[in-house]
Structures are given as C-alpha cells and as structure tokens.
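Visitor: After the sequence you'll find the predicted model.
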Amino acid sequence: MSVKNVILFGLLLFIPISVAAHFLAWGDLIVFITAALGILPLAAWMGTATEEIAVVIGPVFGGLLNATFGNATELIIALVALKAGLIDIVKASITGSIISNLLLVMGFSMFLGGLRYKEQVFQSDIARMNASSMNLAVIAILIPTAMNYTSSGINQTAIQDLSLAVAVVLILVYGLTLLFSMKTHAYLYEAGVADIEATENETDHAAQQPNIWFWMIILLVCTVFVAIESELLVDALTVATSRLGLTALFTGVIIVPIVGNAAEHATAVTVALKNKMDLSVSVAMGSSLQIALFVAPVLVIAGWIFHQPMSLDFNPFELVAVAVAVLIANSISSDGKSNWLEGTLLLATYTVLGFAFYFHPLIEGIG
C-alpha cells in the first residue's frame, strides 16, 4: 500500500471522531477541525472513483462525469452553508476556490516541477482559451457588483434577478466548453488525455478494467459522508473560526477551499513532478473554470430555490482579488512554458492576498 493511501486511511478516523465530538458536545473547535480532516480522504476517493468510472464509460461520458464531480466536495460544502444562510461564507468560498486553484495549486506545480526540470511546456492554445473563459467569469461577477455600487437605491430583488439571468448564461457557456473540449475540438486536448493514460499505466490502473459497480458505490458512499461532514463543519464554523481569531471572509477564501481542493492540489503537483504540465495546468485552470462557470451559477439558482439571497454581487475586495489572480495566471500561462520563478510569482501573489484577507476587517475597522 502506498504512503498516500496509508495517510488517507488514517484520516478516515476523524470521521467517527467528528461525529462523536458533535453529539458529545466536545466543542465547536474540535468538531470543525476533525470534520475538515475527515473530508480530505473522502474528497480524494471521490476523485479516484470518478477517474476509474470514466475509464469504463469512455472519454465523452467520462469527461462529463469528471466535469460534474470535479468540484463536488466544494459544491456540497457550499450548498450546506447556503441552506444555513451563511451567504458571505459561500461567496467567499467561490472567490477562494478560484484564487487557490490559479495561484496556490498552479504555483506549487510550476515551482516544484521547475526545481526538477529547467523548463516545462504545455499547450498554449488551451491556456489562452481557458484565459478567455476566466475573463468571462470576472465580467460575470463584475457586472452585478458594479450595478449595485453605481446605482443608488437599487433593490436586492433586481440584483438577484440579474444574477439569475447571468447564472443561466454561464451554465450555457460551461456546457459549450464541454462540447468544445470533448467533441468538436477534442484533438486539442489529446496531449492531456495521453498524460492521463501514461499516469494510469505507471500505476498499473490500465492493466485491467476497473470494477464500475465497486467505484460507483465508493462514489455514492463518499458523497453521503461528505454531506454529513459538511453539515458538522458548517454548524461549527462560525464559533470555531472566531475562537481561532479568524473572520468569515478569511475562512471562506482561504480555509474552506484548501479543505475542499486538497485532493486536486496533490494531483496537480504530483503530475507536475512527472513533467506532465499539460495535465497539471488542466487540473488547476479547469477546476477554476468549473467553479466560475458551473458551481457559482448553480449556487445562485439553489439560493433562489432555498429562498436565500444568493447573488453574484460580491465584496469589491473579493472581486479585485479574483481579477488579480486571473490577470497574473493568464499572463504567466499564455506562452505555454513554465519555470520555478513563475511558480514563485504565483505563490507570492497568493501569500499577499492571504495577508490582505486576514487583515481586511482590521483595515475596514480603522477606515
């Protein structure tokens, strides 16, 4: 058994501990920490199950399954928080997921991969298309925010209606990006597919056909337990983070995305160390796109269903942070080459934004 699997099996112990901590009233801080740790192995196995099922059902439906479940953990946590009325946390987690994938995940991948290889290459055409899609995402959250701050006396119903309309457009665009990548222009993504197949060969996954029913059961069980752990996490979140001296903004932007994206972080860095930057960049940027074009719109629609005032009107500072992340990520990835210094620049940007989100309430209070 690999070291990774030993760690994941060890982390499973935190699931019963978090449940016991909740029912035995051990304190919100213990519940929050143990639930967060319990989600990590579940998220990892959801990703593995999705990949194994995709091998059996073929590239088209497999790609659709990967696209649907790629950010399932973040979506489940956000839906639970949304139903609980923690709108600011939900919006912050959307912002944080986009930022962490573009800066933290891609930054670590380029930095660690660049230490092993002098220069790594990936497809610049796909990077540019992803950049254009990310620009659309920034525009989508800029318009409702700008409308709110430039129109005096506008009511929140109008903002929510606008957000619903924008959400429908974004979901349609997301569907078209899937059609583009899996059907009409699938040949552009063949390098990424080759990387995935090579990775499977190295780990002997391709040696025999996976048991689809086994992995479907794993996916279902993990999804159920992620939902349970998310309930515990969200219930304890407000009290636990205040005891840690953290604000809702910092928790949503930094803590929640790291918990939800941990499996993807590990995957992107691992393949970068094997000099498969096409796949690494695809994981990082693809996850950001899915959050922006699918998860965020779904949460807006879910807010309408739950009668929660969820809109695309974000905190202006969150909007600035997303724009900064998209700008530098697009700039660095546009040439289809990377090195350790470019990875350092992405990590430095993430660190600066992390400090800013930590001190933001203090700055706001002083102002």
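Guide: That came through, no problem.
Visitor: Other residues contacting stretch 239-252?
Guide: 28-29, 31-33, 86, 88-93, 95-96, 237-238, 255, 315, 318, 357-358, 360-361 (C-beta atoms under 8 Å, 6 or more residues apart in numbering). Quick note: C-beta positions are derived from backbone N, CA and C, even for glycine.
Visitor: What average pLDDT does that stretch get?
Guide: Mean pLDDT, stretch 239-252: 84.
Visitor: could you measure the residue at minimal distance from the centre of the chain against L13, distance?
Guide: Centroid-nearest residue in the chain, with C-alpha atoms, centre = their mean: S97, separated by 4.3 Å. Between S97 and L13 the distance is 27 Å, computed by C-beta to C-beta, to the nearest Å.
Visitor: Helices of the stretch 251-367 of the chain, residue ranges please.
Guide: Per DSSP state H, counting those that start in this stretch, the stretch 251-367 of the chain carries helices over the ranges 256-273, 277-290, 296-306, 316-333, 340-366.
Visitor: looking at those, which has the lowest confidence?
Guide: When I compare the helices of the stretch 251-367 of the chain, helix 256-273 is least confident, with a mean of 79.
Visitor: Which neighbouring elements make contact with that one?
Guide: helix 28-57, helix 72-83, helix 87-99, helix 106-116, helix 277-290 (3 or more C-beta pairs under 8 Å, 6 or more residues apart in numbering; DSSP states H and E).
Visitor: Kindly present those as JSON lines, with separate columns for distance to S338.
Guide: Formatted as JSON lines, these follow (distance: least, C-beta to C-beta, whole Å):
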{"stretch": "helix 28-57", "distance to S338": "23"}
{"stretch": "helix 72-83", "distance to S338": "25"}
{"stretch": "helix 87-99", "distance to S338": "19"}
{"stretch": "helix 106-116", "distance to S338": "4"}
{"stretch": "helix 277-290", "distance to S338": "6"}
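Visitor: Out of those, the one nearest T349 is which?
Guide: helix 106-116 (7.8 Å; C-beta to C-beta).
Visitor: can you list contacts of the helix or strand just after that closest one?
Guide: Next along the chain after helix 106-116, taking DSSP states H and E as the criterion, comes strand 120-121. Residues outside strand 120-121 that contact it (C-beta under 8 Å, 6+ apart): 110, 113-114, 272, 275, 277, 336-339.
Visitor: Each with direction, which strands does strand 120-121 pair with?
Guide: strand 337-338 (antiparallel) (DSSP bridges).
Visitor: State the mean pLDDT of the strand it pairs with.
Guide: On average, strand 337-338 scores 90.
Visitor: residues in contact with it?
Guide: With C-beta under 8 Å, 6+ apart, strand 337-338 has contacts from 110, 113-114, 119-122, 277, 281, 332.
Visitor: still on that earlier bit, the residue nearest to the centre of the chain against N261, yeah?
Guide: Yes: S97 lies in contact with N261 (C-beta atoms under 8 Å); the separation is 6.5 Å.
Visitor: tell me, what's touching the two both at once?
Guide: 74, 287.
Visitor: Now for the nearest residue to Q308 once chain neighbours are set aside: which residues touch it?
Guide: Sequence neighbours aside, L82 is the residue nearest to Q308 in space, at 5.6 Å (criterion: C-beta to C-beta, 6 or more residues apart in numbering). Going by C-beta under 8 Å, 6+ apart, L82 touches 90, 299, 302-303, 306, 308, 310.
Visitor: Now which of those would you call buried?
Guide: 90, 299, 302-303, 308, 310 (16 or more other C-beta atoms under 10 Å).
Visitor: picking up where we left off before, could you flag which of the contacts of strand 337-338 are buried?
Guide: Judged by 16+ other C-beta under 10 Å, buried ones among the contacts of strand 337-338: 110, 113-114, 120, 122, 277, 281, 332.
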